[in-house]
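**Q** Build me a model:
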Amino acid sequence: MSYCRWSSDGWRSDVYCYEDVKGGWTTHVAGLKRVGLDTLIPIDPDLLDLTAENATEWTMAHSAFMRALEKLEMAPIGLPHDGETFRDPTLEAFKARLVMLRDEGYHVPADVFEAIDEELAATTEPAKAEEA
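**A** Got it, this is the predicted structure:
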């Protein structure tokens, strides 16, 4: 399962994170980011969810956005962990890693932390129920 990709948060994510099939959690940190991303006209929010009714409009809007995105210059992020990959053995260590990266200035989408917190709560609830 992927927590976020480079395209998350409107292509602003500096991390690509997932639960690894080999065990643990993997975080890839970008070495470059797009310059001028905020100058692009975002896709109409009504078209964010692809449906049978809006397939043609969605495809046109997405294609136009991707063409504009590809024209943006890439530049080094310039932070300590640019281009690094981390593997954490536990969900708690994974969250701590992402907090550290966020605090250093990397963009980690907020919904990643929400997903991790939900998973952590789900793993602790059965233990609490057994104690009662």
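
**Q** what about Thr27, helix or strand, and which?
**A** Assigned by DSSP states H and E, Thr27 belongs to strand 25-29.

**Q** Restricting to C-alpha, output that strand in PDB.
**A** The C-alpha trace of strand 25-29 is given here as PDB (Å, rounded to 0.1, in the frame of the first residue of the first chain):
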ATOM      1  CA  TRP A  25       8.100   0.700   5.500                       C
ATOM      2  CA  THR A  26      10.100   2.400   2.800                       C
ATOM      3  CA  THR A  27      10.400   6.100   2.200                       C
ATOM      4  CA  HIS A  28      12.100   7.500  -0.900                       C
ATOM      5  CA  VAL A  29      13.100  11.200  -0.600                       C
END
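
**Q** Run me through the strand neighbours of it, direction for each.
**A** When sheet partners are counted by DSSP bridges, strand 25-29 sits next to strand 15-19 (antiparallel), strand 85-88 (antiparallel).

**Q** Now do the end-to-end distance for stretch 20-28.
**A** Taking C-alpha to C-alpha, to the nearest Å, stretch 20-28 runs 12 Å from one end to the other.

**Q** I would like the residues contacting that stretch, please.
**A** Outside of stretch 20-28, the residues within contact range by C-beta atoms under 8 Å, 6 or more residues apart in numbering are 15-19, 84-91, 93-94, 97-98, 101. In short, each C-beta sits where N, CA and C put it, glycine included.

**Q** let's go with 6 Å and repeat that
**A** Contacts with stretch 20-28, where a contact means C-beta atoms under 6 Å, 6 or more residues apart in numbering, come from 15-19, 85-89, 94, 97.

**Q** Separate out the buried members of the residues you listed.
**A** Using 16 or more other C-beta atoms under 10 Å as the burial test, the contacts of stretch 20-28 include 15-17, 86, 88, 94, 97 as buried.

**Q** quick one: which two of those residues are the most distant?
**A** Farthest apart among the buried ones among the contacts of stretch 20-28 by C-beta to C-beta are Tyr16 and Asp88. That separation is 14.1 Å.
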